[in-house]
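Q: Fold the following, please.
(one chain, ligands or ions: 1)
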Amino acid sequence: MNLKDRFSKLIAPSRWLDRFIPKPPLPEKICTECGHTGVPERRRRGEDVIEVGLWCLLVIFGAAYVITYGINSWSWKIMPGLVVRTFSLLTKVCLLLGPVCTLWRISTEYQACPKCQHPTMIPLDSPRGRQVREQHQPRQ
Ligand SMILES: [Zn+2]
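A: Predicted structure coming up:
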């Protein structure tokens, strides 16, 4: 994992919100892909980098809007109205996309196999679970 990914993981809003969501411990499950038995890992779809990028754009466009709007309202009027309106629009777009991306990531949490990373963990006591267990752990 490189520095950019590590930084994104640290500041991604969905990971911060995650800490306030109660997470009951997961029961042991079996992976239909590789036959691994164990506690699944909670994972989310989407990239931290993209989520963080959207929020960064919001800050950048928001700041640009405040600055250009501020320059005009301090009676200098040197900023074309189109520039101010464009930043205003981009800020609104990011204001919509950032939370949507964060909420989408929180709502798409899935349970992945800690061994092969596939989202194929099923309960141990289900009929299919028993079948997989027998396939991978033949009786001696
Ligand atoms: Zn697996």
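Q: can you tell me the distance between the two ends of stretch 106-119?
A: 16 Å (CA to CA, to the nearest Å).
Q: mind checking how far it is from the chain centre?
A: 13 Å (CA atoms, centre = their mean, to the nearest Å).
Q: Which segments of the chain make up each domain?
A: Structural domains assigned to the chain are 26-44+109-140, 47-108, following automatic domain parsing.
Q: now the end-to-end length of the longest one.
A: For domain 47-108, the first and last residues are 12 Å from each other (CA to CA).
Q: Please list all residues in contact with the residue positioned nearest the centre of the chain.
A: The centre of the chain sits closest to residue 105, judged by CA atoms, centre = their mean, with a distance of 3.9 Å. Shown in contact with residue 105 (CB atoms under 8 Å, 6 or more residues apart in numbering): 12, 14, 44-46, 51. Heads up, the C-betas are built off the backbone N, CA and C, glycines and all.
Q: Residue 46 now?
A: 101, 104-105, 108.
Q: Stretch 121-140 vs the ion: in contact?
A: No: against the ion, stretch 121-140 shows no contacts by CB under 5 Å from the ion, the least distance being 7.5 Å.
Q: Low-confidence stretches in the chain?
A: By pLDDT under 70, the low-scoring segments of the chain are 1, 138-140.
Q: Pick out the most distant pair among the contacts of residue 105.
A: 12 and 45 (12.8 Å; CB to CB).
Q: which of the two has more neighbours?
A: Using other CB atoms under 10 Å, the more surrounded residue of residue 12 and residue 45 is residue 12, with 23 against 11.
Q: pretty sure that one is touching residue 48, no?
A: Yes: at 4.3 Å, residue 12 counts as touching residue 48 under the criterion of CB atoms under 8 Å.
Q: Cool, thanks, signing off.
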